[in-house]
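coordinates only, sequence not included:
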């Protein structure tokens with residue numbers, strides 16, 4: 001009997017680009033050490049833009065990472081592949097609700113948001129209009145998340161979907177990295193006398209899209225390089241110098257002892273009310289200081305230089321990654 005049902009989060013969640021940018025912000029600039037790999041000189045910065053809008057930033061590794069629209073398209077393809085798998089066992093598949101649209105930005109930022117501002121928070125808050133309107137509240141005006149839909153999964157459908165018995169954790173068996181390996185690896189689980197793919201149909205949908213063959217490059221490979229470049233740029237002497245100037249500017253405005261823009265909310269105790277009056281005042285000063293010292297321009301130039309260095313160091317793997325990404329796009333076109 002075919003039926004629809006809600007599903008758990010995908011192996012790679014929707015809105016991947018935004019989520020990974022948040023990880024960059026949280027992890028990219030901790031610690032201290034040399035600006036680059038052992039013994040490497042700091043790269044030349046090239047042209048340093050003056051207070052560029054984050055929507056205008058084009059970093060070298062962007063070419064290897066999907067846009068928000070491409071992420072949505074890939075999510076839809078993954079749903080179709082999962083649905084095909086479920087249909088083999090007689091079950092219908094209802095895709096999870098699409099994530100809510102991002103909050104509407106204030107008018108001056110509307111054009112940037114429409115263009116897809118993937119680096120909006122890479123260097124902390126940088127939009128003066130948003131700071132004045134919402135402080136540090138990234139979710140201002142965000143719609144409520146969609147409600148759960150559909151009846152609960154039956155035991156057999158659950159097992160086919162996730163590759164484990166409901167209520168029996170640890171029964172999922174092996175989880176091969178690629179579909180080619182999964183085709184050679186029995187899960188040890190059957191439904192209706194038919195073997196269930198390792199990890200269930202949800203994992204199969206992911207593997208067929210993102211890891212079909214044994215030479216498939218990890219989906220997060222380019223992100224890992226971007227994260228490394230962000231860390232190196234944050235330790236660069238020229239970025240550290242501009243951060244020191246930003247910190248001094250914040251101190252003159254009544255916000256002392258702030259080593260960097262990622263520390264503002266925690267140090268000032270703004271997390272409970274990121275859009276309140278105190279947060280707005282701090283955010284306005286924060287962005288003004290960034291613009292006074294050209295923090296975004298210098299940091300982005302440094303990040304671009306370190307990304308380019310990593311692209312050259314990992315050219316062969318990135319070329320393979322790019323070819324496989326194009327293959328995913330061609331697969332997506334067959335579902336159009």
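Right, received. Where do you want to start? Bear in mind the structure is a predicted one, so any value in this text is a computation, not a measurement.

mind listing what's buried in the helix or strand where residue 226 lies?
Assigning secondary structure by DSSP states H and E places residue 226 in helix 221-235. Across helix 221-235, burial judged by 16 or more other Cβ atoms under 10 Å covers 221-223, 225-235. Placement of C-beta: from N, CA and C, glycine included.

now swap in stretch 325-332 and tell me
Taking 16+ other Cβ under 10 Å as the criterion, stretch 325-332 shows 325, 328, 331, 332 as buried.

ok now that stretch, how far from the chain's centre?
19 Å (Cα atoms, centre = their mean, to the nearest Å).

count the neighbours of the nearest residue to residue 177 once chain neighbours are set aside for me.
Leaving out its chain neighbours, the residue that sits closest to residue 177 by Cβ to Cβ, 6 or more residues apart in numbering is residue 211, at 6.1 Å. For residue 211, the number of neighbouring residues by other Cβ atoms under 10 Å comes to 23.

before we move on, the earlier item: tell me the one among the buried residues of helix 221-235 nearest to residue 255.
Closest approach to residue 255 among the buried residues of helix 221-235 (Cβ to Cβ): residue 234, at 20.1 Å.

just the buried residues of stretch 325-332: which are in helices?
Judged by DSSP state H, the buried residues of stretch 325-332 include 325, 328, 331, 332 as members of helices.

quick one: which of the buried residues of helix 221-235 is nearest residue 65?
residue 222 (5.3 Å).

ok, now which ones touch that closest one?
61, 64, 65, 318, 321 (Cβ atoms under 8 Å, 6 or more residues apart in numbering).

just give the nearest non-adjacent residue to it, would you?
Residue 222 sits nearest to residue 64 (Cβ to Cβ, 6+ apart), 3.9 Å away.

nearest residue to residue 321 other than its sequence neighbours?
Per Cβ to Cβ, 6+ apart, closest to residue 321 is residue 217, 4.3 Å.

to clarify, my last question referred to residue 260.
residue 243 (5.5 Å).

following element in sequence after the helix or strand hosting the one you found, please.
Element membership for residue 243 (DSSP H and E) is helix 237-252. Remark: after helix 237-252, the chain's next helix or strand is helix 264-268, criterion DSSP H and E.

just the buried residues of helix 221-235 now: which is nearest residue 127?
residue 230 (19.6 Å).

contacts made by the helix holding residue 243 with the rest, please.
Contacts of helix 237-252 (Cβ under 8 Å, 6+ apart): 35, 42, 45, 233, 256-261, 264, 285-286, 288-290, 292-295, 298-299, 302.
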